[in-house]
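Colleague: sharing a sequence plus its predicted fold:
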Amino acid sequence: MSLVVLGQREGPVGVVEVLARTPEGTAACGAAVGRLLRPGDVVLLGGELGAGKTTFTQGLARALGVEGAVTSPTFVLVHSYPTKAGWDLVHADVWRLQQLQEVIDLAIPELIEQGAAAVIEWGEKAAPALPSDCLHVAIGYDEEAPGAELPGPAGAEGVRRLELKATGPGWEGRLGELARHLAGGQP
Amino acid sequence: MKVLAIETSCDETAAAVVEDGRRLLSSVVSSQSALHKAFGGVVPEVASRAHLELLGPVVGEAMQRAGTGPAELDAVAATIGPGLIGSLLVGVSAAKAYAWSWGLPFVGVNHMEGHLHAAFLEDPKLSLPTVVLLVSGGHTMLICMQGGDDGQVEYRLMGETIDDAAGEAFDKVARYLGLGYPGGPAIERTARDGDPTAISFPRGLAGAGYDFSFSGLKTAVVRYVRAHPEVWVADVAASFQEAVVDVLVAKARKAAAEVQARAICIGGGVAANSALRRRVEEICRADGRAAFIPSRAMCTDNAAMIGATAWYRLRSDGPTPLDAPVDPNLKLPLV
């Protein structure tokens, strides 16, 4: 079991905390979010370099039936994938952007209005340009977690603590279901 | 046939005049990397504004160095994708305007196909099949260039990255280690004083087909440095570079053996890396294959390769309509 749900707090700001022991766990967490994703939704991903933001998005995209490789959008800033349900999944990375105006220039708010769902890496700095009802996902290295002994071999990926936080009623109402999905025996 | 070519897909503003797809009459590249250094990466808005300011003078200089006026040109070409949308638009809009006002055909060129043609420009004897390792900030691909039934060159994708591009890993690790931007030259410089065997970083997807993965390597570097804050940064840079080059070279070698390639060719910004260039030469010598290692200027972004490709595209597909849009996610035409 690579995913452990640590707990869920409800409103005013609902939070679900999860421990992922492997990259597959991080992807499974993304898949659980993906199963609840609807057109117009925004997921903001945070966490330092190598934390697993793209891995999370790969799991999320697969749960939506996105075919082919989901790769890092750092270079071209935005990738767009058609989902099985017919709407588009927008995967953006605003790591390199300096100003809010540049987020607006990427037309992400318009894409969401037109019925796409967006997952945005380093999303905090894009937040002011986006709907306030978002799911914030913070992915952190957890070196203290049981089984995360350090120093490990250089190749080990380590344990991650994921904090999934709803910032509005749209996601608040789905957190309970999300926690159930997460606990539901993902690989 | 003389083609004026423009390339503005990322942070280089470039123009060139190329004759018959092979003869380079001029090539001018104005790098913006000093401009982006302070930000640790290309900033799209900064890039498009800089393209706008630089393009006129760069085109003027390319024409002057080639001793060519508009009347002697036969076509105007520009990179139409992939790249940053704002940057692409500057070059493509300018090229369309030149083409329209001079009454010449416009040719939209795929930037990646341009990298594949860069080798032809310097060595027209390139024989097929050739395995091309295309490694840049946005791409990591192994492509087999082969002769098709109709005599045209075909591209077959053998493998590509499933997460980060190799150049992206260089940029991100350089930034994490505080070495600056662009990451490739910064890591290479620092690695000279380090021991490439000091740390055994993971070789992503080693032995598993031709796809690449650099995301785990990036994570391993971050975790190693967090656990060993006293580590010598040159050792980290050298060991990281070794891990990237190892995987690139091993997969290119295996791919070349599988298709019985005559040669291995490298292209893209990461192909300017000395360690990669040396290792590709070594394995080709050992295996009895030719190694096509374009000059560094031809590996990094330039307009000469766009001019060379435009000539082939114009002959096989004809001109590109003036209302053709830019495509930031444009893919290579593969078989």
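Modeller: That came in fine, so what should we check first? Numbering: from 1, shown residues only, chains lettered A, B, ... in the order given.

Colleague: need the strands for chain A, in chain order.
Modeller: A:3-9, A:15-20, A:42-46, A:78-82, A:88-93, A:117-121, A:135-141, A:160-166 (DSSP state E).

Colleague: for residue B:121, find the nearest of those strands.
Modeller: strand A:78-82 (30.7 Å; Cβ to Cβ). In short, each C-beta sits where N, CA and C put it, glycine included.

Colleague: contact residues of the stretch 151-300 of chain B facing chain A?
Modeller: Neighbours of chain A within the stretch 151-300 of chain B, by Cβ under 8 Å from any Cβ of the partner chain: B:160-165, B:168, B:172, B:175-176, B:199-202, B:215-216, B:218-224, B:226-228.

Colleague: could you redo the last one with a cut-off of 6 Å?
Modeller: Residues of the stretch 151-300 of chain B found near chain A (Cβ under 6 Å from any Cβ of the partner chain) are B:162-164, B:168, B:172, B:176, B:199-202, B:218-220, B:222-224, B:227.

Colleague: so which of the residues you listed belong to helices?
Modeller: Taking DSSP state H as the definition of helices, these contribute B:168, B:172, B:176, B:218, B:219, B:220, B:222, B:223, B:224, B:227.

Colleague: just the buried members of these?
Modeller: B:168, B:172, B:176, B:218, B:219, B:220, B:222, B:223, B:224 (16 or more other Cβ atoms under 10 Å in any protein chain shown).

Colleague: just say which of the strands of chain A is most tucked in.
Modeller: A comparison of these by mean neighbour count, using mean count of other Cβ atoms under 10 Å in any protein chain shown, puts strand A:117-121 on top with a mean of 26.

Colleague: helices of the stretch 101-250 of chain B, start to end?
Modeller: Here the stretch 101-250 of chain B has its helices, by DSSP state H, counting those that start in this stretch, at B:111-122, B:166-176, B:183-191, B:215-227, B:233-258.

Colleague: ok, which of these comes nearest residue B:148?
Modeller: Using Cβ to Cβ, the helices of the stretch 101-250 of chain B put helix B:111-122 closest to residue B:148, at 14.1 Å.

Colleague: who are the packing partners of the closest one?
Modeller: strand B:263-267, helix B:304-317 (3 or more Cβ pairs under 6 Å, 6 or more residues apart in numbering or on different chains; DSSP states H and E).

Colleague: now mean pLDDT and distance to residue A:33 too, for those, in CSV please.
Modeller: Compiled in CSV, those are given as follows (pLDDT from 0 to 100; distance: least, Cβ to Cβ, whole Å):
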stretch, mean pLDDT, distance to residue A:33
strand B:263-267, 94, 38
helix B:304-317, 94, 41
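
Colleague: pick the most buried one from those.
Modeller: strand B:263-267 (a mean of 26).

Colleague: just checking, what packs against that one?
Modeller: Contact here means 3+ Cβ pairs under 6 Å, 6+ apart; on that basis strand B:263-267 packs against helix B:111-122, strand B:130-135, helix B:274-287, strand B:290-292.

Colleague: could those go into TSV alongside mean pLDDT and mean neighbour count?
Modeller: Formatted as TSV, the helices and strands packed on strand B:263-267 follow (pLDDT from 0 to 100; neighbours: other Cβ atoms under 10 Å in any protein chain shown):
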stretch	mean pLDDT	mean neighbour count
helix B:111-122	87	25
strand B:130-135	95	27
helix B:274-287	97	16
strand B:290-292	92	18
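
Colleague: what residue ranges in the chain score low on pLDDT?
Modeller: Chain wasn't specified; assuming chain A. A:1-2, A:9-13, A:144-156, A:185-187 (pLDDT under 70).

Colleague: look at chain B instead
Modeller: Judged by pLDDT under 70, the stretches of chain B that qualify are B:32-45, B:151.

Colleague: tell me which residue lies farthest from the centre of it.
Modeller: residue B:230 (35.4 Å; Cα atoms, centre = their mean).

Colleague: gap between that one and residue B:224?
Modeller: With distances taken as Cβ to Cβ, to the nearest Å, residue B:230 is found 12 Å from residue B:224.

Colleague: can you check residue B:101 too?
Modeller: 57 Å.

Colleague: also residue B:209?
Modeller: Taking Cβ to Cβ, one finds residue B:209 at 27 Å from residue B:224.

Colleague: ditto for residue B:166
Modeller: As for residue B:166, its distance to residue B:224 is 19 Å (criterion: Cβ to Cβ).

Colleague: can you check residue A:17 too?
Modeller: In terms of Cβ to Cβ, residue A:17 sits 27 Å off from residue B:224.

Colleague: can you check residue A:130 too?
Modeller: 35 Å.

Colleague: equivalent analysis for residue B:246, please.
Modeller: Here residue B:246 is placed at a distance of 17 Å from residue B:224 (Cβ to Cβ).

Colleague: same thing with residue B:103?
Modeller: 60 Å.

Colleague: same deal with residue B:242?
Modeller: 14 Å.

Colleague: again, but for residue B:293
Modeller: Applying Cβ to Cβ to residue B:293 and residue B:224 gives a distance of 31 Å.

Colleague: the helix ranked longest in chain A - contacts with which helices or strands?
Modeller: Taking DSSP H as the criterion, chain A has its longest helix at helix A:23-36. When contacts are defined as 3+ Cβ pairs under 6 Å, 6+ apart, helix A:23-36 sits against strand A:15-20, helix A:53-63, helix A:175-183.

Colleague: out of those, deepest packed?
Modeller: With a mean of 26, the top stretch among the helices and strands packed on helix A:23-36 by mean neighbour count (mean count of other Cβ under 10 Å) is helix A:53-63.

Colleague: which residues touch residue B:223?
Modeller: residue A:158 (Cβ atoms under 6 Å, 6 or more residues apart in numbering or on different chains).

Colleague: how about the strands of chain A in JSON lines, adding distance to residue B:24?
Modeller: JSON lines is the format used below for the strands of chain A (distance: least, Cβ to Cβ, whole Å):
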{"stretch": "strand A:3-9", "distance to residue B:24": "56"}
{"stretch": "strand A:15-20", "distance to residue B:24": "52"}
{"stretch": "strand A:42-46", "distance to residue B:24": "45"}
{"stretch": "strand A:78-82", "distance to residue B:24": "34"}
{"stretch": "strand A:88-93", "distance to residue B:24": "36"}
{"stretch": "strand A:117-121", "distance to residue B:24": "40"}
{"stretch": "strand A:135-141", "distance to residue B:24": "48"}
{"stretch": "strand A:160-166", "distance to residue B:24": "50"}
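
Colleague: which of those sits closest to residue B:314?
Modeller: So among the strands of chain A, strand A:78-82 is nearest, using Cβ to Cβ, at 30.0 Å.

Colleague: just the angle between the closest one and strand A:117-121, please?
Modeller: Strand A:78-82 runs at 150 degrees relative to strand A:117-121, counting by axes from the mean of the first three to the mean of the last three Cα atoms, to 10 degrees.

Colleague: so what's the residue count around the closest residue to chain A within the stretch 1-150 of chain B?
Modeller: Relative to chain A, the nearest point of the stretch 1-150 of chain B is residue B:138 (3.5 Å; Cβ to the nearest Cβ). Residues within reach of residue B:138, counting by other Cβ atoms under 10 Å in any protein chain shown, total 24.

Colleague: now stretch A:33-43, how far from the centre of its chain.
Modeller: 10 Å (Cα atoms, centre = their mean, to the nearest Å).

Colleague: just the endpoints, please. Distance across it?
Modeller: End-to-end span of stretch A:33-43 (Cα to Cα, to the nearest Å): 9 Å.
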